[in-house]
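> I'd like to go over a predicted model; first the sequence, then the structure.
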Amino acid sequence: MMRLKEVLESKKGDPVTVLTTATVADAIRAMSERRVGSVMVPYADGSPAGIFTERDVLRLCAEGRTDFANMSIRPCMTCDITTGQPGDTVSETLSTMTAKRFRHMPVVENGKLVGVVSIGDLVKAKLEETAQEAQALREYIHS
């Protein structure tokens, strides 16, 4: 059973973050440069203050709020976040993300942000796990 720790190891690299003093434009630039759909906003101690996603950008645009260069990230980010831990399984995390309808989950260990998994990361991991199980069954049947 694959765990979030393994998913993060396969991703390599640190989570994309911006400072709590960042603007919305800073966050959008960071997402664009790193080709990701969210940025984490950690406190100085490394714990997550919030997350800012593509959906937050769409919401701001729908509200007519587009002066991103002068808009602080703090009131625009989601602060009530659900986090995972490295030992959580891919299956249970997929279930949580599906039930709560979000696409990015911060992974926290000892109160510190250690990574972010996306629904795409988890689907990829689940497909790999299923392919390995199928191969093992084929080998078992042929032995």
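Ah, there it is.
> use CA for all of it now, contacts and neighbours both
Noted.
> Mind listing what's buried along stretch 10-18?
Pro15, Val16, Thr17, Val18 (16 or more other Cα atoms under 10 Å).
> What is the end-to-end distance of it?
End-to-end distance for stretch 10-18, by Cα to Cα, to the nearest Å: 23 Å.
> Identify, from the buried residues of stretch 10-18, the entry nearest to Leu122.
Lowest distance from Leu122 to these (Cα to Cα) belongs to Pro15, with 15.7 Å.
> So the closest one: helix, strand or coil?
Under DSSP: H, G, I helix; E, B strand; the rest coil, Pro15 falls in the coil class.
> Excluding chain neighbours, what is closest to it?
Sequence neighbours aside, Gly115 is the residue nearest to Pro15 in space, at 5.0 Å (criterion: Cα to Cα, 6 or more residues apart in numbering).
> so who does the one you found touch?
Gly115 sits next to Leu8, Asp14, Pro15, Pro106, Val107, Val108 when contact means Cα atoms under 8 Å, 6 or more residues apart in numbering.
> I'd like the average pLDDT over the helix or strand containing Met31.
Remark: Met31 resides in helix 24-34, with elements defined by DSSP states H and E. Mean per-residue pLDDT for helix 24-34: 97.
> And for stretch 108-127?
The average pLDDT within stretch 108-127 is 95.
> Show me what counts as buried in that stretch.
Neighbour-count burial for stretch 108-127 [16+ other Cα under 10 Å]: Val108, Leu113, Val114, Gly115, Val116, Val117, Ser118, Ile119, Asp121, Leu122, Ala125, Lys126.
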